[in-house]
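Visitor: Fold the following.
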Amino acid sequence: MRTPVYAFLAIILTFSTLPAHADWATSSGSCYAKGDIHLSAGLTLSRLGGYAMFDIAVHDAISVGGGAGYYSYSYSRYWRYAYLPMTARVLFHPFNLSVLEDKIKIRDQFDLYVGLATGWRLGWAKQRNLSTVINSQSSIGGFMLRENLGIRYFPSDNFYLFAETGAGFGWMSGGIGFRIN
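Guide: Next up is the predicted model:
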């Protein structure tokens, strides 16, 4: 159980020790830049729920953030599961690599990102027999470490639509967001 935690910390330390003046990434001509703050709200498509996230661009190719949400689902008509995930995440924005600056023409409107999310999800389950709850468990949930893959589309300078998978909020999700720079 500790190995994923150490792997996540190693990734954070690796990205945080990269020099800020390094020329391996650039925001020239991109919709993503160091100093941007992204605030977003989304709905999970695979499980009924929603969440709110924030990301802070600490480098032209790296952002950190977190969020909280709620989702629920059932495997049968008798059991219902619900979770409150709280996550922290580190994202890498490959469209901002210097070697791709003049090769990806859509980077002024699209921001692709990949990363890792970790956190805790509080959960509970209820067993029903017709309309009566006959069993309730509050001990499900726990530590999570998830991949995160997403894309943002900016139809204007400070408003975007996004779709992503992972991050602990369901298999597929999408929503809207605002950039503060």
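
Visitor: could you show me where the helices are in this structure, in order?
Guide: 2-16 (DSSP state H).

Visitor: Now do the contacts for Phe95.
Guide: By Cβ atoms under 8 Å, 6 or more residues apart in numbering, the contact set of Phe95 is 30, 32, 104, 107, 110-112. The way it works is simple: take the backbone N, C-alpha and C, and place the C-beta from them, glycine included.

Visitor: Between all of those residues, which two are separated the most?
Guide: Across the contacts of Phe95, the longest distance by Cβ to Cβ is 11.9 Å; it joins Tyr32 and Ile104.

Visitor: okay, the two: which has more neighbours?
Guide: Neighbour comparison, Tyr32 and Ile104: the larger count goes to Tyr32, with 26 against 16 (by other Cβ atoms under 10 Å).

Visitor: Is it correct that that one is in contact with Asn96?
Guide: Yes - taking contacts as Cβ atoms under 8 Å, Tyr32 lies within contact range of Asn96: 6.1 Å.

Visitor: Spell out which residues are contacts of both of the two.
Guide: Common neighbours of Tyr32 and Asn96 (Cβ under 8 Å, 6+ apart) are Asp60.

Visitor: how about the nearest residue to Gly119, chain neighbours excluded?
Guide: The shortest distance from Gly119 to any non-neighbouring residue, by Cβ to Cβ, 6 or more residues apart in numbering, is to Thr87 (3.5 Å).

Visitor: What are the neighbouring residues in contact with that neighbour?
Guide: Neighbours of Thr87 in contact, by Cβ under 8 Å, 6+ apart: 66-68, 117-119, 144, 146, 167-169.

Visitor: Filter those residues down to the buried ones and express that as a ChimeraX selection.
Guide: Listed next is the ChimeraX selection for buried residues among those, using 16 or more other Cβ atoms under 10 Å:
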select :66,67,117,118,119,144,146,167,168,169
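
Visitor: Just the ones of the contacts of Thr87 in strands?
Guide: Taking DSSP state E as the definition of strands, the contacts of Thr87 contribute 66-68, 117-119, 144, 146.

Visitor: Looking at these, which one is closest to Asp157?
Guide: Distances from Asp157 to the ones in strands among the contacts of Thr87, taken by Cβ to Cβ, are shortest for Gly67, at 23.0 Å.

Visitor: and the residue lying closest to that closest one once chain neighbours are set aside, what is it in contact with?
Guide: Of all residues beyond its chain neighbours, the one nearest Gly67 is Met53 (3.5 Å), with distances taken as Cβ to Cβ, 6+ apart. Going by Cβ under 8 Å, 6+ apart, Met53 touches 38-42, 65-67, 167, 177.

Visitor: and what of Phe154?
Guide: So Phe154 contacts 31, 108-111, 160, 179 (Cβ under 8 Å, 6+ apart).

Visitor: can you do 7 Å?
Guide: Residues in contact with Phe154 (Cβ atoms under 7 Å, 6 or more residues apart in numbering) are 31, 109, 160.
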